[in-house]
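>>> 3D model of this:
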Amino acid sequence: MGLLRNRSFVLVFAGMTISLLGDALYALALPLWVLDATGSAGAVALLNGLGSVASLLFAPLAGTVADRTDRRRQMIIADLVRAGAVGAAAIFMLTGQAGFGHVLATGAVLSAASVFFTPAYAAAQSGLVHPDDLTRSLSLFQMMRQVVAMAGPSLAGVVVAGVGAGPALGLDAATFGVSALAIAAVRLRWAPRPPRERRPFWSDFRAGVATIADHPLC
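Residues are numbered from 1 along each chain as shown. Presented below is the predicted three-dimensional model:
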């Protein structure tokens, strides 16, 4: 089956492209707001560091959950959580009620939800396209990521400069909603059936923790 004739692939590809462009808005708008509100580069570093800690803490759990649950549902829930977190931050900013604590909470929730999205998305690739098209689909997704990584910051700069941090975050929240709708509309046709027998949940979780602990960077 050709990739462009695969409705599920096209929908997810479009949703992911829009979502990644939204990520560029968040990556620029939130640190700029923190720097403007606090005047402290240390506060920006704290925001980024908290996101990294949240990712590290939830990574073993996210992979284990992705192996045991409906990956499509896990991606949708993660996108909705991210849309809610960023949307709440946008509302706080637009109403003048945003504080540094709100921003830190947004960063932590967004990072944790993204950690749950990533393994489910990676595992779902094999069910999204026919096995003969898997290599090409992965290549296209990787190419799209590279293009967005290059063009996204410039586009985000234009948007943030034009409308401000609050509206930019509102647009980012909308992109997560679009991604969730796209994923909800697809069916993982070639997804393998889960094995009848599997190890206990906490056994898999400990294995995930051990894998991270043994990583050279740890």
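
>>> what's the single longest helix in this protein?
Criterion DSSP state H: the longest helix present in the chain is helix 7-38.

>>> by contact count, what packs against the next helix or strand after that one?
Proceeding N to C from helix 7-38, the next assigned helix or strand is helix 41-68, under DSSP states H and E. Judged by 3 or more C-beta pairs under 8 Å, 6 or more residues apart in numbering; DSSP states H and E, helix 41-68 is in contact with helix 7-38, helix 100-128, helix 201-213. The way it works is simple: take the backbone N, C-alpha and C, and place the C-beta from them, glycine included.

>>> ok, back up a step: ok, and for the longest helix of the chain, which residues are buried?
8-9, 11-13, 15-26, 28-34 (16 or more other C-beta atoms under 10 Å).

>>> Per-residue pLDDT of residue 25, please?
Per-residue confidence (pLDDT) for residue 25: 90.

>>> Would you mind confirming that it makes contact with residue 161?
No - in this structure, residue 25 is not within contact of residue 161 by C-beta atoms under 8 Å, at 11.6 Å.

>>> ok, now how distant is the spatially most central residue of the chain from residue 20?
For the chain, residue 114 is the residue whose C-alpha lies nearest the centre (C-alpha atoms, centre = their mean; 3.7 Å). Distance, residue 114 to residue 20, using C-beta to C-beta, to the nearest Å: 11 Å.

>>> Give me the distance from stretch 63-74 to the chain's centre.
15 Å (C-alpha atoms, centre = their mean, to the nearest Å).

>>> helix or strand for residue 75, which one?
With DSSP H and E as the test, residue 75 turns up in helix 71-94.

>>> tell me what that helix is packed against?
Partner elements for helix 71-94 (3+ C-beta pairs under 8 Å, 6+ apart): helix 7-38, helix 100-128, helix 165-184.

>>> Can you tell me which of those helices is nearest to residue 155?
Of all the helices and strands packed on helix 71-94, helix 7-38 sits nearest to residue 155, with 6.6 Å by C-beta to C-beta.

>>> could you check the angle helix 165-184 makes with the closest one?
Here the directions of helix 7-38 and helix 165-184 differ by 160 degrees (axes from the mean of the first three to the mean of the last three C-alpha atoms, to 10 degrees).

>>> Show me what helix 7-38 is packed against.
By 3+ C-beta pairs under 8 Å, 6+ apart, helix 7-38 packs against helix 41-68, helix 71-94, helix 100-128, helix 134-163, helix 165-184.

>>> What mean pLDDT does the last one get?
To tie it back to what came earlier, the one meant is helix 165-184. 93.

>>> cool, and the first one?
In this model, helix 41-68 carries a mean pLDDT of 82.

>>> buried ones in it?
43-44, 46-48, 50-51, 54-55, 58-67.

>>> The second one now?
The neighbour-count check on helix 71-94 (16+ other C-beta under 10 Å) flags 71-72, 74-93 as buried.

>>> cool, the longest one as well?
Within helix 134-163, the residues that qualify as buried are 137, 141, 148, 152, 156, 159-160, counting by 16+ other C-beta under 10 Å.
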